[in-house]
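1. just coords:
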C-alpha cells in the first residue's frame with residue numbers, strides 16, 4: 001500500500017455507495033430537499049471523509065480508531081435514512097436491499113479496522 005486511503009476497499013465501497021445514493025436521491029420529492037435528501041447525501045459522504053481523515057492520522061491508533069468509529073456511525077445513519085426512503089416509497093425494495101447490503105459490509109470492515117488499528121500503522125524504516 002502506498003499510503004493512500006483511496007486504496008482501501010472500504011473507502012472504495014463507501015464512495016461507490018455515496019455516488020449511488022446521490023443518483024437515487026435526485027428523484028426524491030422537492031419537499032424532502034432540506035431533510036431526507038440533504039441528510040442522506042451528507043451522511044453517506046461523511047463515511048468517506050472520516051475514513052480519509054482517520055487513515056491519514058493512522059500513526060495515532062486512538063485517533064484512527066475514533067475516526068473509524070465515526071465513519072461507522074455515519075454509515076449507520078445512512079442506513080436509517082435508507083429505511084425512511086423505503087418507507088416513504090422513494091426507493092424500491094431492491095435498491096434498499098442493495099444499498100443496505102453495501103452499508104452492512106462497510107460497517108463490518110470499519111468495525112474490524114477500529115478493533116485492529118495496529119494493522120494500519122505505517123511501517124517505519126530502520
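-> Yep, it's here. Note that the coordinates shown come from a computational prediction; the quantities given were computed from them, not determined experimentally.
2. what number of residues lie near residue 120?
-> Residue 120 has 18 neighbours, counted by other CB atoms under 10 Å. C-beta coordinates here come from the backbone N, C-alpha and C atoms, glycine included.
3. who's in contact with it?
-> Neighbouring residues of residue 120 by CB atoms under 8 Å, 6 or more residues apart in numbering: 55, 58, 64, 113.
4. do you know how far it is from residue 13?
-> 17 Å (CB to CB, to the nearest Å).
5. and if you look at residue 64?
-> 19 Å.
6. ok, how many other residues are close to residue 104?
-> 12.
7. oh sorry, the question was meant for residue 117
-> Here the number of neighbours of residue 117 (other CB under 10 Å) works out to 18.
8. same question, residue 6
-> Residue 6, neighbours per other CB under 10 Å, totals 12.
9. Quick check: it touching residue 13?
-> No: between residue 6 and residue 13 there is no contact under CB atoms under 8 Å: 12.0 Å.
10. longest helix anywhere in this structure?
-> Longest helix of the chain, by residue count under DSSP state H: helix 61-87.
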